[in-house]
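[1] Next comes the sequence, and after it the predicted model I'd like to discuss.
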Amino acid sequence: MKGRAGTSRRLYRRAEKIFPGGVNSPVRYYAPYPLYMSGGTGSSIRDADGRVYTDYLLAYGPLILGHSHPRVVRAVSRVMEEGIMFGAPAAGEVELGEIISGSCRSVEQLRLVPSGSEATMHALRLAMLHTGRRKILKLRGGYHGTNSLALDPAAAREVEFNSVAQAERELKKGEYAAFILEPAMGNCGLVLPEDGYLQAVRDATEKSGTVMIADEVITGFRTGFGAYSEAMGVMPDLLTFGKIVGGGLPLAAFGGRRDMMKHVRPAGSFQQAGTYAAHPVSVAAGLETLRILSSSDYTRLEECSRIAALELAKTGLTVNSSTGMLSIFFTGDPVRNGGSAMAVGGEPFFRLFKAMLEEGIYLPPSQQELIFISFAHRKADVRRHFRTMAEAAASMAGRGRGLKV
Ligand code: PMP
């Protein structure tokens, strides 16, 4: 489809007058102005001028089935026709809660909330109430949304991912309400847990009476059907979910041990409420997405991701990858924690992002965000696109003399 040119530029000129920086979430801005999107189907996304790209951003993670999966769209439309919201419980939320709880052994009870930021805020507040402590331990380079608790440097101390010694040293003090961590880090590029790290954190949190919160907003249902931390053999006290569990609509969850969740009103005195909590339209999208995923073969997604990672690895640059998500870092050194991830300059990746737009490939605009792959992507396309990406990345890194084969 051929469209007009310059629509995004014109929209951005209007937007920068009314929105700070012209956008409604900072990651959406990039220089000189972001492309405005107007549609998406399967693995494709279409900009406001009608140009089509293969999408490896996937709305920062929720769209594991690709854009506008017909079953999800039908489920949402059906619910909309029945009535958009009631401010009363509706049947779908029970099934969605049962599916999440039923597929994560650590989630005995949960609450559905509108965003990942709220889920992590409530999990942290609950940990404070439960322990009577105020301080939080988190990972350097970890991100838990825009809730003031996780963002407040006065309340939250940081340790490096994959350092058992640092975690043990801090936790031994016995002064932290919670250690909140993404079990695979996804907001400074992808950084995977090394063997034994999560178990060591589990042991040290337990010993020091600290609540272990696994923030699974990205990882939940991403690499397999359930919680990533559990797949790694660890049972956290509390978990947070978002993105995939809402199927592309605003929905998230926090949950975990029954003896902690019993504090939540009206069962207990912990205040958590929301006009849009368990919104029926979001619940319908999340429910249909999880129904589809429960009978999906994640090895297909794993295979696509392996192909992508192998192509990128030919550059000699560092590639961290797991099922359905990966990162390329413009360094040859291993990236095993937030510090080493954030030390890698982001400029070459931004140039790669720009170059790929010209090739009809839509990546995250920042190296700190993940490249996502969905069930809607085809193996042959993934191979071709990541080969193109690898060639461009190699030449940007000054490795243009040819890829390692
Ligand atoms: N936790 C993690 C690990 C996230 O990646 C994000 C968002 N990218 C959040 C929490 C916050 O979620 P939301 O944007 O839905 O508030």
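    Great, that's in hand. Computed from a predicted structure; not experimentally measured.
[2] show me where the chain has helices.
    Secondary structure of the chain (DSSP state H): helices located at 7-18, 70-82, 91-103, 116-131, 148-151, 164-171, 197-207, 228-231, 258-261, 280-294, 298-313, 338-342, 347-358, 379-396.
[3] right, and the ones you listed - which one's nearest G247?
    Among the helices of the chain, helix 280-294 comes nearest to G247, with 3.3 Å by C-beta to C-beta. Backbone N, C-alpha and C define where each C-beta goes, glycine included.
[4] quick one: the closest one to helix 298-313, angle?
    Compare the direction of helix 280-294 with that of helix 298-313 by axes from the mean of the first three to the mean of the last three C-alpha atoms, to 10 degrees and you get 90 degrees.
[5] Only the buried residues of helix 280-294, if you could.
    By neighbour count with 16 or more other C-beta atoms under 10 Å, helix 280-294 contains the buried residues 280-293.
[6] I'd say R265 and L129 touch.
    No: with contacts counted by C-beta atoms under 8 Å, R265 stays clear of L129, the gap being 11.5 Å.
[7] the more surrounded of those two?
    Ranked by neighbour count (other C-beta atoms under 10 Å), R265 and L129 place L129 first, with 16 against 10.
[8] In stretch 64-77, which residues are buried?
    Judged by neighbour count (16+ other C-beta under 10 Å), stretch 64-77 contains these buried residues: I64, L65, G66, H67, H69, V72, A75, V76.
[9] make that stretch 331-345, sorry
    Buried-residue list, stretch 331-345, by 16+ other C-beta under 10 Å: T331, V335, R336, N337, G338, G339, S340, A341, M342, V344.
[10] re earlier: which among the helices of the chain is found nearest to the ligand?
    The ligand lies closest to helix 116-131 among the helices of the chain, at 2.2 Å (C-beta to the nearest ligand atom).
[11] returning to what we had before: any chance of a markdown table for the buried residues of stretch 331-345, columns pLDDT and distance to F350?
    Listed next are these as a markdown table, based on pLDDT from 0 to 100; distance: C-beta to C-beta, whole Å:
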| residue | pLDDT | distance to F350 |
| --- | --- | --- |
| T331 | 96 | 15 |
| V335 | 98 | 17 |
| R336 | 98 | 23 |
| N337 | 98 | 22 |
| G338 | 98 | 20 |
| G339 | 97 | 21 |
| S340 | 97 | 19 |
| A341 | 97 | 16 |
| M342 | 96 | 15 |
| V344 | 96 | 12 |
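[12] which of those residues sit farthest apart?
    Largest separation among those by C-beta to C-beta: T331 and G338, giving 14.3 Å.
[13] shaky segments in the stretch 51-200 of the chain?
    Residue ranges of the stretch 51-200 of the chain with pLDDT under 70: none are present.
[14] and it, which residues reach the ligand?
    Neighbours of the ligand within the stretch 51-200 of the chain, by C-beta under 6 Å from any ligand atom: Y60, S115, G116, S117, T120, Y143, H144, G145, E182, G186, N187.
[15] Please type out the ChimeraX selection for whichever of those residues turn out to be buried.
    Of these, the buried ones can be selected in ChimeraX as follows, counting by 16+ other C-beta under 10 Å:
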select :60,115,116,117,120,143,144,145,182,186,187
